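Visitor: Next one to model:
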Amino acid sequence: MTFRSRNRGKFTNKVSYFRSSFLKKRNIVRTEISEHEYSKKDDDLDTISMFADIDIGADVIIPSDPSHNDSWKEGRRVIELFELAQNLVCQLCNCPLNLIDTVSERKYGLGSVLTIPCGSCTACNSVETGKRNSNGAFVVNSKAAIGHASMIGLKTGKVIDYAYRSRSCRVCEVHEKRKETVSAHDCCRNWKGTSKGMEPDMAVEMTHKLNDSGCQIKVLHADNDSTTTSRLKVHFEDLEKKDDQNHVKKGFSKKLYELSKKYKELKHPDVIPYLVRCFMYAIKENEGVTDELRVGLNRIVPHVSGDHSLCTNVEWCTYKDDPVNFKYKSLPGGKCLSNDALTSELKELVQQYNRRAESLQNMGSTQANENFNQIVGSKCPKAR
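Guide: Residues are numbered from 1 along each chain as shown. Okay, here's the model as predicted:
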């Protein structure tokens, strides 16, 4: 009777059997030495000596679980008690959760999401400390009681004017709660409208103050808030609005990531950054020439789709040098985007920016304002 070797329950020849057996033995030896150093054989005298000085009975400190974060125990929070009380329930077994069992916290502005394990089923629950709006943002971040704005000179870099809006005053609130007559005081309440209306109102106020003092503003660099722009145009018809390059770049990237939910071609980590680079390069390359900027923007989508008819006069596209062996360096597989539906939506997206090409000329930066806002926010008890 002939004997046939088996490997994992399957018949195999002798060569494969001995090879797998040899590798299995070697793997056992290596695992035994590398993972458990204390199990070395007595014949390994040259390696045992390195463990002679180890005190087996010494006290050691075992590090805690890195997923646990005690930062939630420090500082102050703005929370909605009723919303937090409703969320302190396990989503799996409906058992009540204990706030003291919190293991970590994720902050979103003034709102937070706590991670609390259930004491009954040990399931980890995400507990929100406040309400969210339809866009998923915390309401406490969108309904601000205090707002401020500033104007900084392009050449000087100095704050030339500022304004603030406040919907609350502690002195007034105390007297109103007691139903008493409010005494004379330096009241800081100067706004009764919505939080969204603060920024346009402050922009109009600062522009009027500078204009009355003899400082006429011709060009204003700001974000893409259409409400602020429309309000300024009513009071100052000759005021020219320029976009901020950081907001334009972020806005274009955000719209591409929204399209990536529909088209898998955009989910590759290199595709969207490449499209953003092409978009910003077209703006930087054609500063001061609106017609050339429109041509540069119209060149982006055909280029990534394999149509290089508009790339004959540009240096950054190397298709004309070697059309046969041409490959995209930043697209997956070096191939173009071949989805017709995606191409049409990308063209429509570029046309949105093409229609306001004049505002994309000589864009400025509001980084100085963001830095100043960060400094002011650090002094606000709700922010830090």
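
Visitor: going forward, measure contacts between C-alpha atoms and count neighbours the same way
Guide: Will do.

Visitor: State the helix or strand in which residue 112 lies.
Guide: Taking DSSP states H and E as the definition, residue 112 sits inside strand 111-117.

Visitor: And that strand, what does it pack against?
Guide: strand 104-108, strand 124-128 (3 or more C-alpha pairs under 8 Å, 6 or more residues apart in numbering; DSSP states H and E).

Visitor: I'd like to know which of those is closest to residue 322.
Guide: Nearest to residue 322 among the helices and strands packed on strand 111-117 is strand 104-108; the distance by C-alpha to C-alpha comes to 50.1 Å.

Visitor: Now the closest one: buried residues?
Guide: Across strand 104-108, burial judged by 16 or more other C-alpha atoms under 10 Å covers 104-105.

Visitor: ditto for stretch 206-226
Guide: Result for stretch 206-226 [16+ other C-alpha under 10 Å]: buried residues 206-208, 220-223.

Visitor: from what I can see residue 288 touches residue 362, true?
Guide: Yes - contact status for residue 288 versus residue 362: in contact at 6.6 Å, counting by C-alpha atoms under 8 Å.

Visitor: Name the residue in these two with the higher neighbour count.
Guide: Using other C-alpha atoms under 10 Å as the criterion, residue 288 and residue 362 rank with residue 362 on top: 17 against 14.

Visitor: Would you confirm that residue 221 belongs to a strand?
Guide: Yes - the assignment for residue 221 by DSSP: H, G, I helix; E, B strand; the rest coil puts it in a strand.

Visitor: count of residues packed around residue 146?
Guide: Residue 146 - counted by other C-alpha under 10 Å - has 17 other residues nearby.

Visitor: sorry, back to before: work out the sheet partners of the strand holding residue 112 and label each with its direction, please.
Guide: Paired neighbours of strand 111-117 in the sheet (DSSP bridges): strand 104-108 (antiparallel), strand 124-128 (antiparallel).

Visitor: For my notes, please list the ones you listed in JSON lines and give mean pLDDT for each entry.
Guide: Shown next, in JSON lines, are these (pLDDT from 0 to 100):
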{"stretch": "strand 104-108", "mean pLDDT": "88"}
{"stretch": "strand 124-128", "mean pLDDT": "91"}
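
Visitor: how about those strands in TSV, adding distance to residue 137?
Guide: Shown next, in TSV, are these (distance: least, C-alpha to C-alpha, whole Å):
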stretch	distance to residue 137
strand 104-108	8
strand 124-128	11
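
Visitor: Please identify which of those is closest to residue 256.
Guide: strand 104-108 (23.3 Å).

Visitor: List of residues touching that closest one?
Guide: For strand 104-108, contacts defined as C-alpha atoms under 8 Å, 6 or more residues apart in numbering pick out 67-72, 112-116, 138.

Visitor: Buried members of these into ChimeraX, please.
Guide: In ChimeraX, this line selects whichever of the contacts of strand 104-108 come out buried by 16+ other C-alpha under 10 Å:
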select :72,112,113,114,115,116,138
